[in-house]
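K.L.:
attaching a predicted model along with its sequence, questions to come.
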Amino acid sequence: MTDSRYIRQALLPGIGNEGQERLGVSHAVVVGVGALGCVSADLLVRAGVGRVTLIDRDVVEVSNLQRQTLFAEADVGRPKAVAAAARLRAVNSGVTINAVVADVTGRNVHGMLNALCETGLPPPGPLPRGGGVVIDGTDNFETRYLLNDWCVKHGVPFLYAGAVGTRGMVAAFVPGGPCLRCVFEDPPEPGSQPTCETAGVLGPAVVMAGAMQAAEAIKLLSGNAGAVSRDLATFDVWENTWRRVALPVRRTDCPCCGLGRFEFLEGASGDEAVLCGREAVQVTPRAAAQVDLASLARRLAPHGAVSASEHLVRAAIEGVEMTVFADGRAIVKGTTRPEVARSAYAKWVGV
Ligand SMILES: [Zn+2]
């Protein structure tokens, strides 16, 4: 008998008491508790997913409150994972919620996600068993590709989403189907894409992407894998456009799911080095990059004091001074904490 809390959801023919029971023994790991992660974690906890793990490296800032729906003014300065977990425990005390304050890297990803290996996809059939999914709430491609590698290697669904400006994009990558690298083989060059910090972001655009992501997770975890979208959905809530493009078939020459090379998981990941005596951290991208310095300088100019030469862009923004070189390397002054430097790099340069 379904708990009265979930009675409206269990009424849905695709879910029923059995689907609700499956949700209750499932596990969702939300990597990144920004606007996307807030929405998907909130919906999954309310839907009764039995265990939700929240991983985030940042603290809540006042500029997050416009769209990050789990946070209030009193949370400013608290780690996002901790503040979101406190809110979600108050929403649904029946869900086990873990908060992890960390930057996910190739070195620690397995330790953080290995609990999902015990679950995997829920099998069809009468015996409910839990499933596991990874929800992409990240703000950078480096972590997305790392998560894609891990999910393909371990046969766990990866629910990708992104939003910037008034646009959003969502795709569900499920074992057996194509993966993120079948669609976008390599991450974009550092500094080539707009970020929420440089281009802005409208709350409803990112909330819509997070809601679609949560819907795919609920389908998978309730035993309805057949209902999962096989499209890459893109939309613009300002231009009123909506597109669905069929995901390609799984590519046999895909470096990740086709050839089994987990390049983001196995080394060659970006690195940070604390520069002694300088209160600065050097951030190095994973692969050699070619940054368009002039266009990066134009995008950063409205947000701080920016100067540029043919060799570098220097920008003083929000308490740190970043010097970005044409090869994608950056020196972030004003901190000795690698995670703060990597976060500033992801937000302002964009990987
Ligand atoms: Zn692939």
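P.N.:
Here it is on my side, so go on.
K.L.:
could you list every helix and strand in contact with the longest helix anywhere in the chain?
P.N.:
If each helix of the chain is counted by residues according to DSSP state H, the longest one is helix 203-221. When contacts are defined as 3 or more CB pairs under 8 Å, 6 or more residues apart in numbering; DSSP states H and E, helix 203-221 packs onto helix 16-24, helix 35-47, strand 132-136, strand 158-164, strand 167-173, strand 231-236. Where you see a C-beta, it was placed from the backbone N, CA and C, and this is true even at glycine.
K.L.:
show me what the second one is packed against.
P.N.:
Spelled out, it's helix 35-47. strand 27-31, strand 51-56, helix 80-91, strand 132-136, strand 158-164, helix 203-221.
K.L.:
looking at those, which is closest to V249?
P.N.:
strand 158-164 (17.2 Å; CB to CB).
K.L.:
now check that closest one, is it near the ion?
P.N.:
No: applying CB under 5 Å from the ion, one finds strand 158-164 separated from the ion by no less than 10.7 Å.
K.L.:
i'd like the first residue to be 630 from this point on
P.N.:
New numbering, starting at 630: the last item is strand 787-793.
K.L.:
pLDDT (mean, whole number) over that strand?
P.N.:
For strand 787-793, mean pLDDT rounds to 96.
K.L.:
partners of it in the sheet?
P.N.:
Paired with strand 787-793 in the same sheet, following DSSP bridges, are strand 761-765 (parallel), strand 796-802 (antiparallel).
K.L.:
can I get the ones you listed in CSV including mean neighbour count, distance to the ion and mean pLDDT?
P.N.:
Listed next are the strands paired with strand 787-793 as CSV, based on neighbours: other CB atoms under 10 Å; distance: least, CB to the ion, whole Å; pLDDT from 0 to 100:
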stretch, mean neighbour count, distance to the ion, mean pLDDT
strand 761-765, 28, 15, 95
strand 796-802, 24, 8, 97
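K.L.:
which one, of these, ends up nearest to Q911?
P.N.:
Minimum separation from Q911 across the strands paired with strand 787-793 (CB to CB) falls at strand 761-765, 27.0 Å.
K.L.:
now the closest one, how far from the centre of its chain.
P.N.:
With CA atoms, centre = their mean, to the nearest Å as the basis, strand 761-765 stands 9 Å off its chain's centre.
K.L.:
still on that earlier bit, what's the closest of the helices and strands packed on helix 664-676 to A856?
P.N.:
With CB to CB as the criterion, A856 lies closest to helix 832-850 of the helices and strands packed on helix 664-676, at 4.7 Å.
K.L.:
next, the angle from that closest one to strand 796-802.
P.N.:
10 degrees (axes from the mean of the first three to the mean of the last three CA atoms, to 10 degrees).
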